[in-house]
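> pasting a predicted model and its sequence here:
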Amino acid sequence: MLNSIARAAFTRLFTPPARGLLRIGLTPDAVTVIGTIGVCVGALVAYPLGHLFWGTVVITVFVLADMLDGIMARLSGAQSAWGAFLDSTLDRIADSAVFVGLALWFFLGADDPLTALLALVCLVTGSLVSYVRARGEALGVRAAGGIAERADRLLVTLVVTGIVGLGVPVFVLTLALGVLSLLCIVTVVQRMAAVRSQLGTAPTVD
């Protein structure tokens, strides 16, 4: 949902820094890689040590690179199938790192297996959301949209994790991860229904 609501506003906001990065010689692919590395460091170093707030700050800063690389590609005319593939692949890595980092902390540090398990459920269901889109588009139909797109999942996870790092009770994060898991399942169903309606009943070969 946030993708359609906020895309234009974020494009206006991040166009000037995108131009600046291009001027100093950075490519969109380089920004994609740097952003993913930063997210992984914040998630897999800070979160497992229990630094939920500062880990979230680091992750949030580098998540912005995910917005910059696309703008940079459009400004420079460097949009390509490889760039889209790289961006999508590294998005999956970054998302997985966030939930794995949370799971490590709540399994090994906070001794809260329920929250850890829900973090892993979010990882799996979020990956399914992305897979359904990719598989649908491979069949030539539109499979985007739904109630819990990537931006929605990241916003909820990072905001709630950050405030828990500031002292809000952990059950707030547990509840948020549980609700997010359910919303991801709903999104999978929504995308599957959209693909089904576009494909109709024509037989296909897998």
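Yep, it's here. From a predicted model like this one, the values you see are computed outputs, not experimental measurements. Residues are numbered from 1 along each chain as shown.

> okay, CA-based contacts and neighbour counts for the rest of this
Fine.

> for the closest residue to Val129 other than its chain neighbours, helix, strand, or coil?
For Val129, ignoring the flanking residues on the chain, the nearest one in space by C-alpha to C-alpha, 6 or more residues apart in numbering is Val188 at 5.1 Å. Three-state call for Val188 (DSSP: H, G, I helix; E, B strand; the rest coil): helix.

> equivalent analysis for the one 4 residues further on, please.
Using three-state DSSP as the criterion, the local structure at Met192 reads helix.

> give me the number of residues near it?
Close neighbours of Met192, defined as other C-alpha atoms under 10 Å, add up to 18.

> and what of Arg19?
16.

> ok, Gln190 next?
By other C-alpha under 10 Å, the residues close to Gln190 number 19.

> which residues sit in contact with it?
By C-alpha atoms under 8 Å, 6 or more residues apart in numbering, the contact list for Gln190 reads Gly146.

> same thing but 10 Å
129, 132, 143-147, 184, 196 (C-alpha atoms under 10 Å, 6 or more residues apart in numbering).

> show me which of these are buried.
Buried members of the contacts of Gln190, counted by 16 or more other C-alpha atoms under 10 Å: 129, 132, 143-147, 184.

> could you find the closest non-adjacent residue to Met192?
Distance criterion C-alpha to C-alpha, 6+ apart; nearest residue to Met192, sequence neighbours excluded, is Val132 at 6.9 Å.

> try Val98
Val98's closest residue in space is Ala43 (C-alpha to C-alpha, 6+ apart), at 4.9 Å.

> surely that neighbour is in contact with Phe99?
Yes: because the distance of 7.9 Å satisfies C-alpha atoms under 10 Å, Ala43 is recorded as touching Phe99.

> any idea how far Val63 lies from Ala194?
As judged by C-alpha to C-alpha, to the nearest Å, Val63 and Ala194 stand 29 Å apart.

> repeat that for Ile59.
Ile59 sits at a distance of 32 Å from Ala194 (criterion: C-alpha to C-alpha).

> can you check Gly167 too?
Distance of Gly167 to Ala194, given as C-alpha to C-alpha: 41 Å.

> which one of those two has more residues nearby?
Taking neighbours as other C-alpha under 10 Å, Gly167 and Ala194 compare with Ala194 leading, 18 against 10.

> contacts only, for the more buried one.
Ala194 is in contact with 136, 141-146, 188, counting by C-alpha under 10 Å, 6+ apart.

> want to try CSV for those, with distance to Arg12 and secondary structure as columns?
Shown next, in CSV, are those (distance: C-alpha to C-alpha, whole Å; DSSP: H, G, I helix; E, B strand; the rest coil):
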residue, distance to Arg12, secondary structure
Gly136, 30, helix
Val141, 29, coil
Arg142, 26, coil
Ala143, 26, coil
Ala144, 23, coil
Gly145, 22, coil
Gly146, 24, coil
Val188, 31, helix
